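Colleague: just coords:
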């Protein structure tokens, strides 16, 4: 069985020295790049299964790399960055990054996020009529949602929102992305609509809506549907 190939894009040699052996031990084949231009070239020629991308590159901003790659590929991209401003996370995710991890980070968390994104990408290649996680089953054809065998009654908009979240399990979706898909481009700034509906859905799917374990808030950024193995 072929090992999944990861492209690490970072201009700090110490980060590469840390990540390369750790990911090889985690059963990944590793390719590295230290510039944005090299990253785009290797993404096209080496066919990586997933990309780990630093935003602070010497020749161009990492967000430009995301934009270029997303013009022709849906390879999962996880941003690794010391930039802690929420706007950086939001811009990266809106451009098409699949996840965002702040430096410093633990290798265990990184590997878990990588595996989750690889699973999600693989499942995206085959359209599904049923999505399930955390005891929740959404049947797209029958237009039903159950949790632990119990039928849940959601409004059409609630159904659409929850389906979007479970399709992107373990991936952060920004407020703007969710609003654009569920309500349309004219409502990209209507975050209050989203907050209200998230609260309504939590009342129906969470054991304790005041302490959610499934539909999680990424403060200032958006929301994440937490899958069976956690975030």
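Modeller: Arrived safely, thanks for sending. Remember, predicted model here, so these are calculated numbers, not experimental data. Numbering: from 1, shown residues only.

Colleague: Check which residues of stretch 55-71 are buried.
Modeller: 55, 57, 62-63, 65-66, 68-69 (16 or more other Cβ atoms under 10 Å). For the C-beta atoms, the positions are set from N, CA and C on the backbone; glycine is no exception.

Colleague: domain assignment for the protein?
Modeller: In terms of domains, the chain is parsed into 5-124, 130-225 (source: automatic domain parsing).

Colleague: about what we covered before: helices - which of the buried residues of stretch 55-71 land there?
Modeller: 62-63, 65-66, 68-69 (DSSP state H).

Colleague: where do the strands sit along the chain?
Modeller: 5-9, 29-33, 50-54, 77-81, 99-102, 130-133, 136-139, 144-147, 150-152, 172-174, 215-218, 222-225 (DSSP state E).

Colleague: Pick out the shakiest of these, pLDDT-wise.
Modeller: Least confident of the strands of the chain, judged by mean pLDDT, is strand 130-133 with a mean of 86.

Colleague: so what's the most centrally placed residue in the chain up against?
Modeller: Taking Cα atoms, centre = their mean, the centroid of the chain lies closest to residue 171, which sits 2.7 Å from it. Counting by Cβ atoms under 8 Å, 6 or more residues apart in numbering, residue 171 touches 98-99, 116-117, 120, 224-225.

Colleague: so where's the protein uncertain?
Modeller: 1, 83-84, 123-127, 229-231 (pLDDT under 70).

Colleague: For the helix of greatest length in it, buried residues please.
Modeller: Criterion DSSP H: the longest helix present in the chain is helix 107-124. Within helix 107-124, the residues that qualify as buried are 110-111, 113-114, 116-118, 120-121, counting by 16+ other Cβ under 10 Å.

Colleague: From the contact counts, what lies against it?
Modeller: On a contact count with 3 or more Cβ pairs under 8 Å, 6 or more residues apart in numbering; DSSP states H and E, helix 107-124 meets helix 13-25, strand 50-54, strand 77-81, strand 99-102.

Colleague: To residue 216, which of the ones you listed lies closest?
Modeller: Closest of those to residue 216 is strand 99-102, at 13.2 Å (criterion: Cβ to Cβ).

Colleague: Against which helices or strands is that closest one packed?
Modeller: Using 3+ Cβ pairs under 8 Å, 6+ apart: strand 99-102 touches strand 77-81, helix 86-95, helix 107-124.

Colleague: Direction included, what does it pair against?
Modeller: Here strand 99-102 is paired, per DSSP bridges, with strand 77-81 (parallel).
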